[in-house]
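S.K.: Could you look at this predicted model? Sequence included:
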Amino acid sequence: DAGVIQSPRHEVTEMGQEVTLRCKPISGHDYLFWYRQTMMRGLELLIYFNNNVPIDDSGMPEDRFSAKMPNASFSTLKIQPSEPRDSAVYFCASSRSPGSVGSSGANVLTFGAGSRLTVL
Amino acid sequence: AQSVTQLDSQVPVFEEAPVELRCNYSSSVSVYLFWYVQYPNQGLQLLLKYLSGSTLVKGINGFEAEFNKSQTSFHLRKPSVHISDTAEYFCAVSEAGGSYIPTFGRGTSLIVHP
């Protein structure tokens, strides 16, 4: 398996522009997570999905952020309009359901390599 | 709700020396515990996990951690570190039987000097 695939790896944009980050989870994983990592705040959970349904989006900072998961193999995180304070590394992670066959009984996350966003 | 505290933001150590990275958690129910490692410019990867059974857990790259329920700790240790162990280490906890969604600590930067 190729693991969790994120694109783009790097994005530099200007304030006010729309940014779309993409994620392909591991096949067979039914949980998908979006995290943001900054020096100031560390690793923050933004939103997570179970079976393509958003379960908890309480970590999404504001209405400028939105996430979708139209099918089991694709998710997007969109920022519109972007601001300099959105500069961060955004990670996507996926996992099997804890009770599923092949699972260890706990949510063990596999992370993508991240998308480094710089908003000028 | 659970929480995790990593007591040290940065731990410098010389190559071949032992190291301990500290992690304490708070939860009112049984927990699962994890250590993840993040090498520069990469995503996090699982180092080891405690689900049940033996309180001493061995992971990849010679790391081990011990679950101490009375002290609510899950400290990570390695008897002899290598330059390549330089990375960010994250402790995480999830509630067994709950949402299973892990909560991560702020991370500890391990810096191994030659």
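M.R.: Structure's in. What do you need?
S.K.: In stretch B:25-43, which residues are buried?
M.R.: B:25, B:27, B:31-38, B:43 (16 or more other Cβ atoms under 10 Å in any protein chain shown). Using the backbone N, CA and C atoms, a C-beta is placed for each residue, glycine as well.
S.K.: Could you do stretch B:63-83 as well?
M.R.: Buried, per 16+ other Cβ under 10 Å, within stretch B:63-83: B:63-67, B:72-76, B:78, B:81.
S.K.: Check stretch A:19-38 too.
M.R.: Neighbour-count burial for stretch A:19-38 [16+ other Cβ under 10 Å]: A:19, A:21-26, A:29-37.
S.K.: Now do the end-to-end distance for it.
M.R.: 18 Å (Cα to Cα, to the nearest Å).
S.K.: Averaged pLDDT, it. What do you get?
M.R.: Mean per-residue pLDDT for stretch A:19-38: 95.
S.K.: Next one: residue 68, what pLDDT does it get?
M.R.: Defaulting to chain A. At A:K68, the pLDDT recorded in the model is 97.
S.K.: nope, chain B
M.R.: pLDDT, B:N68: 94.
S.K.: check contacts around residue 19.
M.R.: Since you didn't name a chain, this refers to chain A. A:11, A:13, A:78-80, A:82, A:86, A:117, A:119 (Cβ atoms under 8 Å, 6 or more residues apart in numbering or on different chains).
S.K.: Correction: the question concerned chain B.
M.R.: B:11, B:13, B:77-78, B:81, B:85, B:110.
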